[in-house]
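*Asks:* Provided below for reference: sequence and predicted model.
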Amino acid sequence: MEPIIQLKNVSYTYEDETEPVLKNLSLEIYKGEFVLIVGPSGSGKSTVCQTFNGIIPNVLEGTIEGEIKVDDKDVLNLELKDLSTSMGLVFQDPDAQLCNIYVEDEVAFAPENLKVHPDEIRNRIVDSLEKVGMLGFEHRKVFELSGGQKQKVGIASVLAMKPKILVLDNATANLDPQATKDIFDLLKVLHQDYGHTIVVVENKIDDLIHLVDRLLVMEDGSVISAGSPQHVLENSIDKLTEMGLWVPEISELCVRLKEIGFNFNQFPISVEDAVAELKGRWEVNKLVEKPSYNDESISDAITVKHLTYHYPNGTKALYDVNFSIKKGEFVAILGTNGSGKTTLVKHLMGIISPPKGSVFVNGKDIHKRDLLEMTDHIGYVFQNPEHQFVADNVFEETIYSLKVKNKVGRGHELPQEIIDEGNKALNMINLLDQKDKHPFVLSGGEKRRLSVVASLILGQDIVILDEPTTGQDYASATKLLELCHDLQSQGKTVIMITHDIRLVCKWANSAIVMNNGQMIFNGGVKELFVQDHVLKKASLIEPPISQLAKALSNVQLKQGIITIDQFIQTAERVKEAL
Amino acid sequence: MSLAFQYHEKKSFMHRIDPITKVVWMMCISVLVFIYESAIPQLILFAVMLLTAILLANLSFTFVIRGIWIMALFSIGFFIIQTLLVPGETVVYSIGPLVIHKESLDFATAITFRILTIFTSSLIFVATSDPRDIVISLTQKLKIPYRYAYSLFVALRFVPTLESEAKIIEAAQKIRGVGKQKGLKNKIENLKRFSLPLLMGAIRRVQVTANTMESKGYGAYADRTYIRTINFSKQGILFAGAWITLTVCLVVLRFI
């Protein structure tokens, strides 16, 4: 079969850089294939996507060598307009790629530019919006849509060019798990029912891997491994983990099972696969005892009583929320985007001033407490670390709040204690050797860790983190969670808004689940995953391990089995492997 | 600029007519305010603007006031200075060394309302014209290359995004303690702190936007097709015709 995308020995160096991003890279993608590309950040995944449609080298200049053929066209010798009907590219940031005010205009934008007749464009608008399930949104404003809806409009807007190939470069990184799953389901339909060739670059692949035909692994500018997802995962899962990538939890488990002598007919990559392989051969029936996270003697770090909040425009944001968080706990706050998570934690910090008698921090009502005073008690880490950076180098960034607190102005000499504090904090996150760099030039993971230690430099004993792992690879997400774990073992209370269920399962003790402004669950993480109605109501995607454990269990579980270790400990081999 | 100064989706006569016709109407108003230098005709013109806003554009009185209040405040200062400084003969009122003349009062009133009239007519234009239609009119009727006209439009699209990002940065930095230090030097420093992340975010976003637009064929051809077309309506032609006739007559009357 003829490949629809063919790269031969492609090398590319960005303008003003010396090191090539793509090194002698060759790959083929066939017509009608669904291909997933994974690789650590900086491995050249996004760059490859941009060579497919000629953004490189037409818009982004630099030196390129080799041969690129897409849809029988020689990309390097053609202009963008000749390629746009061959492929459509969807990017990560939904806000950046939609350049029109109304949905209808966004979808019409590309065909209008390509001088398609208006009557035909009208048809394409209906077709494209129907494919992505957004019919009826024609006259809505783009910036009023949710992130998931924006990405669907983004997909519709490239579908309107009638491309043969659809490329999604990290398109779900900013979405919550349910919206991500919706996009994956949509890709399945576009692939199976409409025959599009689809290329996807993704970090988190648990819910996607079983849909794809082929998995390409990139490292350092070239493809190091390619094949069916089963094949690649079975043979090089350790290599992928070593590279810092998220691998499907089920496959991780199955590799562990293989090590203890288990044989599979076909290596499982999804819960369904694993159930088919393990049913009748493994059983989950040991019951686990209750964890002791509920120690009554420990006092509360935060208490919330009957907290209700309406937005200035009258919409209800929080309704009668009650909970308490004990000192030294690691609490995850879960729920879909728009469920009230961020509004809730803003009350804890006093960014939104809570009514009298509703929020207590370390036993004291914080009603009417000044936000600046609250910063002595709580460190708050925003979603985008860059938003919080205030200094010109990493060291100054770390000690900024200390300087403000001790009124050390410009020209004053820095007291030795402050220097020591700063060095200690940077040492904790291994950034001491980069202390003179500008915070903006650090890597994504380093920026986040820096913003955590800089927010906690005053020695606050409560830290709130708002979606700190969004869009990060496994290695840097894990490093961040290890940092939080360290803080917890120092006795600090960690409160984290997150969508990363797998991380929650591994690191958090308890969870608060928000849905439509109401708290619908407050308790241990293990207990959460046996409450199916809560999971369903809050659109939480259950971790694969928990799904598998339930499917293999012949008793009603009182606690979820949520990590690979727990699974192996509580599962019993009932029949020897064949 | 206050929030009133943007497109307000409503149904009205002024919303129905196309932007080009409204520009013609604005030009007539501008000519009229400049041929009169006394208070009465200027007050009449301002009253006509208010009536147009309320009756023809379906905008409320408070909306107009909110839209022009900064300008109105500025005009009051301007009015007082003019009243005191412009020479005149007939004394109306005097307190000590301050003498107010009838002629200067008349002139000050005239030029103050001249500013307010022009400002109100722009407000009506902006509030009743969909930015899409303005861009399309520029390209379809005035034959301005769409690459230029569109850049204005894309900028408008990103205003809400930038606004919400600015709010987040402000809160994020306040928590770090920015704002605790007083003094002008720190204020300037804080402005830099605030702009850097906003600018970095915007630049990154602009690169992605440019890439997306290019890959969607933006600028591939000198022209493009449109799913929306702007037509001069009968009502619009009549409206513009009436204003042109009125303006020509008044200009002729004034200078004969």
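*Replies:* Yep, that arrived.
*Asks:* quick one, strands of the stretch 51-200 of chain A?
*Replies:* Along the stretch 51-200 of chain A, the segments classed as strands by DSSP state E, counting those that start in this stretch run A:62-70, A:73-74, A:87-90, A:165-169, A:197-201.
*Asks:* possible to save those strands as JSON lines with mean pLDDT?
*Replies:* Listed next are those as JSON lines, based on pLDDT from 0 to 100:
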{"stretch": "strand A:62-70", "mean pLDDT": "92"}
{"stretch": "strand A:73-74", "mean pLDDT": "90"}
{"stretch": "strand A:87-90", "mean pLDDT": "92"}
{"stretch": "strand A:165-169", "mean pLDDT": "95"}
{"stretch": "strand A:197-201", "mean pLDDT": "96"}
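*Asks:* and these: which comes nearest chain B?
*Replies:* strand A:87-90 (5.5 Å; Cβ to the nearest Cβ). (C-beta placed from N, C-alpha, C; glycine too.)
*Asks:* touching the closest one from outside, list them.
*Replies:* When contacts are defined by Cβ atoms under 8 Å, 6 or more residues apart in numbering or on different chains, strand A:87-90 is touched by residues A:49-50, A:52-53, A:55, A:70-71, A:97, A:110, A:151, A:154-155, A:158-159, A:161, A:163-169, A:171, B:212, B:215.
*Asks:* how about the nearest residue to B:Gln82, chain neighbours excluded?
*Replies:* Closest residue to B:Gln82 apart from its sequence neighbours, by Cβ to Cβ, 6 or more residues apart in numbering or on different chains: B:Ala108 at 3.6 Å.
*Asks:* stretch A:225-235: which residues count as buried?
*Replies:* Within stretch A:225-235, the residues that count as buried by 16 or more other Cβ atoms under 10 Å in any protein chain shown are A:Ser225, A:Ala226, A:Pro229, A:Gln230, A:Val232, A:Leu233, A:Glu234.
*Asks:* determine which two of those are furthest apart.
*Replies:* Spanning the widest gap among those are A:Ala226 and A:Glu234, at 14.0 Å by Cβ to Cβ.
*Asks:* name the element the residue nearest to B:Gln82 belongs to?
*Replies:* helix B:102-128 (DSSP states H and E).
*Asks:* is the very next helix or strand once past that helix anywhere near chain A?
*Replies:* For helix B:102-128, the following helix or strand on the C-terminal side (DSSP H and E) is helix B:131-140. Yes: using Cβ under 8 Å from any Cβ of the partner chain, a contact is recorded between helix B:131-140 and chain A, made by B:Pro131, B:Arg132.
*Asks:* what helix or strand is A:Ala301 located in?
*Replies:* Take DSSP H and E as the rule and A:Ala301 turns out to sit in strand A:300-310.
*Asks:* neighbours around residue 74, how many?
*Replies:* No chain was given, so I picked chain A. A count of nearby residues for A:Asp74, using other Cβ atoms under 10 Å in any protein chain shown, gives 11.
*Asks:* chain B is the one I meant
*Replies:* B:Phe74: 15 surrounding residues under other Cβ under 10 Å.
*Asks:* distance check, it against B:Leu59.
*Replies:* With distances taken as Cβ to Cβ, to the nearest Å, B:Phe74 is found 21 Å from B:Leu59.
*Asks:* what does A:Asn100 give?
*Replies:* 26 Å.
*Asks:* show me which of those two is the more surrounded one.
*Replies:* B:Leu59 (25 against 20).
*Asks:* isn't the more buried one up against B:Thr120?
*Replies:* No: at 10.0 Å, B:Leu59 and B:Thr120 do not qualify as touching, with contact defined as Cβ atoms under 8 Å.
*Asks:* shared neighbours of the two, anything?
*Replies:* B:Ala53.
*Asks:* CA atoms of stretch A:99-109 as CSV?
*Replies:* The C-alpha coordinates for stretch A:99-109 follow below in CSV (Å, rounded to 0.1, in the frame of the first residue of the first chain):
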residue,chain,number,x,y,z
CYS,A,99,-9.4,33.4,15.3
ASN,A,100,-13.1,34.3,14.7
ILE,A,101,-15.8,35.5,17.1
TYR,A,102,-18.6,33.2,16.0
VAL,A,103,-18.5,29.4,15.6
GLU,A,104,-20.0,29.6,12.1
ASP,A,105,-17.3,32.0,10.9
GLU,A,106,-14.6,29.9,12.4
VAL,A,107,-15.7,26.8,10.4
ALA,A,108,-16.2,28.9,7.2
PHE,A,109,-12.8,30.6,7.6
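*Asks:* and it, is it in reach of chain B?
*Replies:* Yes: Stretch A:99-109 reaches chain B (Cβ under 8 Å from any Cβ) through A:Cys99, A:Asn100, A:Ile101, A:Tyr102, A:Glu104, A:Asp105, A:Ala108, A:Phe109.
*Asks:* is A:Met514 in a helix, a strand, or coil?
*Replies:* strand (DSSP: H, G, I helix; E, B strand; the rest coil).
*Asks:* just give the nearest non-adjacent residue to it, would you?
*Replies:* With Cβ to Cβ, 6+ apart as the criterion, A:Met514 has its nearest non-adjacent residue at 3.7 Å, and that residue is A:Gly335.
*Asks:* can you pull the contacts of A:Tyr400?
*Replies:* Counting by Cβ under 8 Å, 6+ apart, A:Tyr400 has contacts A:Val390, A:Ala391, A:Ala454, A:Ile457, B:Arg176, B:Gly177.
*Asks:* next one: the fifth one from B:Arg193, what distance?
*Replies:* If I follow you right, that is B:Arg176. To B:Arg193, B:Arg176 is 9 Å away according to Cβ to Cβ.
*Asks:* the two: which is more packed in?
*Replies:* Taking other Cβ under 10 Å, B:Arg176 and B:Arg193 do not tie; B:Arg176 has more neighbours (26 against 19).
*Asks:* just list the residues touching the more buried one, thanks.
*Replies:* A:Thr375, A:Gln388, A:Val390, A:Tyr400, A:Ser401, A:Val404, A:Ala454, A:Ser455.
*Asks:* farthest-apart pair in those, please.
*Replies:* Greatest spacing in the contacts of B:Arg176, by Cβ to Cβ: A:Gln388 and A:Val404 (13.7 Å).
*Asks:* when those two are compared, which one has more neighbours?
*Replies:* With neighbours defined as other Cβ under 10 Å, A:Gln388 and A:Val404 compare such that A:Gln388 has more, 28 against 21.
*Asks:* from the stretch 101-250 of chain B, which residue is nearest to chain A?
*Replies:* Using Cβ to the nearest Cβ, the closest approach of the stretch 101-250 of chain B to chain A is made by B:Ala220 at 3.3 Å.
*Asks:* what does the stretch 101-250 of chain A put close to chain B?
*Replies:* So the stretch 101-250 of chain A meets chain B at A:101-102, A:104-105, A:108-118, A:121-122, A:125, A:142-143, A:157-158, A:161 (Cβ under 8 Å from any Cβ).
*Asks:* how is the chain partitioned into domains?
*Replies:* Reading this off chain A. The record's domain split for chain A, according to automatic domain parsing, is A:248-282+A:541-571, A:386-459.
*Asks:* the intended chain is chain B.
*Replies:* According to automatic domain parsing, the ranges for chain B are B:13-130+B:231-255, B:146-215.
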